[in-house]
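[1] With the input below, show me the fold.
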Amino acid sequence: MRRIHRTRRDWVTDVALFLFAACFAAVSSQSIPVPETLDPVWRDVDQVVGGLGCAATLLRRRWPVPLAVVLLVAGTWAHYLTGPAMVAVFTVAATRPWRVTAWVAALAFAPLPVFLWQMAELSGERTGSALTYFALIAGAIGWGLFRRSRQQLIASLRERAELAEADAELRAEWARRETREEIAREMHDVLGHRLSLLSVHAGALEFNPGAPREEIARAAGVIRESAHLALRDLREVIGILRAGPDEGERPQPELADLARLVAEARATGGRIELTGPPDGRIPPPVVGRTAYRIVQEALTNARKHAPGAAVTVEVSGSPDGRLTVEVRNAPPPGPASVRGLGEGGDGSNRGGSAGGQGLIGLAERARLAGGELTAGPADGGFLVHAWLPWSTTGVASPAYRSSASGKGE
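    Numbering: from 1, shown residues only. From the prediction side, this is the model:
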């Protein structure tokens, strides 16, 4: 047998409906047209049946449909079951499917055609009593249907609220993941360039301890300056991460900063030739920042994997078309024939800075900005080629456009 768990509120409701059925039977007992010819024993039985019907309403949660059927059928000859029948049909309408409610309603109103056929032959008292009975049953069913609809509405609103809460949690998790990825890209972009300068000059000092005093002093100065700038950049990035949304933003690198970037690389002994960017034509911040990062990463990889190789940087484009960035390194001195801007001797991403966040991360940046980046061996060296739409309106993703105004170098 299926057990029904009733809360305190359920018990209060069930007792209240039992008292309603009992009070209705007691109040209406004086107006019920009981035939004068009815035997007193049957009259007492009729009243006992009415009492049992009131008590049976406590079973409405376990057997609502059988209880309603029994009370409706017994009500055709018993005179005190109107109250319990109202409670039973109300329960069916409020808790059972529409089809079940329709069948129970059909059973409740089955005597109505017979009553209408014989209404002219009935006394006014019996006619009024019958019409009142059908009206009360119809009202109980209607109230049950209203309560059912209200419960369904509340359940639907609760489900929508839960779905909205779950969706908000998913959006928050997505935002946290995007933030972590942005932090990883930012740390790689900011520190990779500086630390590569440190590595190159520290390696030169290690493998050439007998260099002239002036060269050693210049290399030590570059190491000190690069370490100072790396610490400064690291403090600025951490400061941005700790700062609130209204506490200011870090200046963004722009396409015009490429000259400064190339000058820093040349100061370390790099042979770099820069062509562009177009004078007087400034692309949107998203495009400028992406182009800057592409050149910065390419120079870092050339310094790491093809030291001493000549590097050419070409930036061209116009507002009517697209911005093109091309960074190419010549074959480096030494036995390797294809090394440089990529992160491995075969152009793969092995051992790249920041655990493979180099060219893969730049390709993702270019894709988010609406462009494309390709990289691979070329003429014994390595070539990184990227194009970006000059205007990012309707092209760059909203998350990337918002990140372009966030943390930068």
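
[2] Going along the chain, name the strands of this protein.
    In the chain, the segments counted as strands under DSSP state E are 272-275, 311-317, 322-329, 372-378, 381-389.

[3] Turn the ones you listed into TSV, including mean neighbour count.
    C-beta coordinates here come from the backbone N, C-alpha and C atoms, glycine included. Shown next, in TSV, are the strands of the chain (neighbours: other C-beta atoms under 10 Å):
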stretch	mean neighbour count
strand 272-275	16
strand 311-317	20
strand 322-329	24
strand 372-378	17
strand 381-389	23
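
[4] got these as JSON lines, with distance to Ala56 columns?
    Converted to JSON lines, the strands of the chain look like this (distance: least, C-beta to C-beta, whole Å):
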{"stretch": "strand 272-275", "distance to Ala56": "94"}
{"stretch": "strand 311-317", "distance to Ala56": "86"}
{"stretch": "strand 322-329", "distance to Ala56": "82"}
{"stretch": "strand 372-378", "distance to Ala56": "77"}
{"stretch": "strand 381-389", "distance to Ala56": "77"}
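
[5] do you know which of these lies nearest Ala25?
    Among the strands of the chain, the nearest to Ala25 by C-beta to C-beta is strand 381-389 (81.6 Å).

[6] Counting by contacts, list what that closest one packs against.
    In terms of contacts (3 or more C-beta pairs under 8 Å, 6 or more residues apart in numbering; DSSP states H and E), strand 381-389 is packed against helix 285-305, strand 322-329, helix 359-368, strand 372-378.

[7] So which of these is nearest Leu163?
    Using C-beta to C-beta, the nearest of those to Leu163 is helix 359-368, at 28.6 Å.

[8] Show the average pLDDT along that closest one.
    Regarding helix 359-368, the rounded mean pLDDT is 80.

[9] What residues sit buried inside it?
    Neighbour counts over helix 359-368 (16 or more other C-beta atoms under 10 Å) mark Leu359, Ile360, Gly361, Leu362, Ala363, Arg365, Ala366, Leu368 as buried.

[10] which among the residues you listed gets closest to Gln151?
    Gln151 lies nearest to Leu368 out of those, by C-beta to C-beta, at 46.9 Å.

[11] Now do the closest one against Gly361, distance only.
    According to C-beta to C-beta, to the nearest Å, Leu368 stands 11 Å off from Gly361.

[12] do the same with Glu178
    With C-beta to C-beta as the criterion, Glu178 and Gly361 are 14 Å apart.

[13] got the contact list for Arg266?
    Arg266 sits next to Ile272 when contact means C-beta atoms under 8 Å, 6 or more residues apart in numbering.

[14] actually Pro278, not the one I wrote
    By C-beta under 8 Å, 6+ apart, the contact list for Pro278 reads Val315, Ser316, Gly317, Ser318.

[15] where's the second one relative to Thr275, distance?
    To tie it back to what came earlier, the one meant is Ser316. Applying C-beta to C-beta, the value for Ser316 to Thr275 is 8 Å.

[16] likewise Ala26?
    Distance from Ala26 to Thr275, by C-beta to C-beta: 103 Å.

[17] Setting the sequence-adjacent residues aside, check what's closest to Phe109.
    Taking C-beta to C-beta, 6 or more residues apart in numbering, and ignoring the residues beside it in sequence, Phe109 has Phe134 as its nearest neighbour in space, at 6.7 Å.

[18] Could you measure from the one you found over to Ala25?
    Taking C-beta to C-beta, one finds Phe134 at 18 Å from Ala25.

[19] More neighbours: those two, which one.
    Neighbours were counted for Phe134 and for Ala25 using other C-beta atoms under 10 Å; Ala25 has more, 21 against 14.

[20] Could you verify my assumption that the residue nearest to Phe109 touches Val114?
    No - in this structure Phe134 lies outside contact range of Val114 using C-beta atoms under 8 Å: 11.9 Å.

[21] What lies in contact with stretch 13-29?
    Contacts for stretch 13-29 (C-beta under 8 Å, 6+ apart): 6, 47, 50-51, 53-55, 57-58, 60-61, 80-84, 86-87.

[22] quick one: Arg176 from Glu273, how far?
    Separation of Arg176 from Glu273 (C-beta to C-beta): 42 Å.

[23] Find the residue closest to Ala204 in space, skipping its chain neighbours.
    Nearest non-adjacent residue to Ala204 (C-beta to C-beta, 6+ apart): Ala219, at 5.8 Å.

[24] Can you check the pLDDT for that neighbour?
    Ala219 is given a pLDDT of 77.

[25] do the same with Glu247
    With respect to pLDDT, Glu247 scores 50.

[26] swap in the one 5 residues further on?
    Per-residue pLDDT puts Gln252 at 71.

[27] burial of it, as a residue count?
    For Gln252, using other C-beta under 10 Å, the count is 17.

[28] Where does pLDDT dip in the stretch 301-409 of the chain?
    334-358, 392-409 (pLDDT under 70).

[29] Closest one of the contacts of Pro278 to Ala74?
    For the contacts of Pro278, the closest approach to Ala74 (C-beta to C-beta) belongs to Gly317, at 90.3 Å.

[30] So that closest one is in contact with Leu323, correct?
    Yes - between Gly317 and Leu323 there is a contact at 3.7 Å, judged by C-beta under 8 Å.

[31] which residues do those two both contact?
    Pro283, Trp390.
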